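Colleague: Compute the structure for the input listed below.
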Amino acid sequence: MPVSVDEVIVTRSASETREWAERFAHSLAPGAVIALTGELGAGKTVIAKGLGRGLGVKDDVISPTFNYVLEYKGRLPFIHADLYRIDNASTFQAMGMDEYFDGDGVFVIEWAERVAEILPPETIWITLTPGDESSERQIQVRRGV
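Modeller: Residues are numbered from 1 along each chain as shown. A predicted model of the protein is given here:
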């Protein structure tokens, strides 16, 4: 069953995108899974940084491209995965990343479309699309179930 778009936001700079994500993080509960999608350079890591800041993470949230997953402490545990180098859901599962679905933190996944078939139905999908100006982004939020 397709999930409808709940919200569309347009931001005009990376800092505005990060600030939106910081505010959005306040609505997240333990166990939330956030699926970030969009082309390379669309701003997925900018969203992750804002979510981390909104969850009270004091450390600088960086892209875990070569580590696959990084964990941070905040108001809730913040788990940030980057699947750019992962081809499919079986690799994701073999690495044990699906265990984060049952955690008490917020699990943010960049390139989540690569494992879409195993994500929980209540996953919140955030899709970033470049706008007319180079720094403009359209952010679509879809909430599952």
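Colleague: Could you check the pLDDT of the closest residue to residue 13 other than its chain neighbours?
Modeller: Among residues not flanking residue 13 along the chain, residue 135 sits closest, at 4.9 Å (Cβ to Cβ, 6 or more residues apart in numbering). Every C-beta, even on glycine, is put in place using the N, C-alpha and C of the backbone. With respect to pLDDT, residue 135 scores 85.
Colleague: Tell me if I'm right that residue 135 and residue 15 touch.
Modeller: No. Contact between residue 135 and residue 15 fails when scored by Cβ atoms under 8 Å: they sit 9.4 Å apart.
Colleague: Check what pLDDT residue 5 gets.
Modeller: 63.
Colleague: If you could redo that for residue 1, that was the one I meant.
Modeller: On pLDDT, residue 1 comes in at 31.
Colleague: Give me the contact list for the helix or strand that contains residue 46.
Modeller: Using DSSP states H and E, residue 46 sits in helix 44-54. Residues outside helix 44-54 that contact it (Cβ atoms under 8 Å, 6 or more residues apart in numbering) are 14, 17-26, 28, 34, 36-38, 59-63, 72, 74, 78, 80, 82, 106, 108, 110-111, 126, 128, 139.
Colleague: In helices, which of those fall?
Modeller: 14, 17, 18, 19, 20, 21, 22, 23, 24, 25 (DSSP state H).
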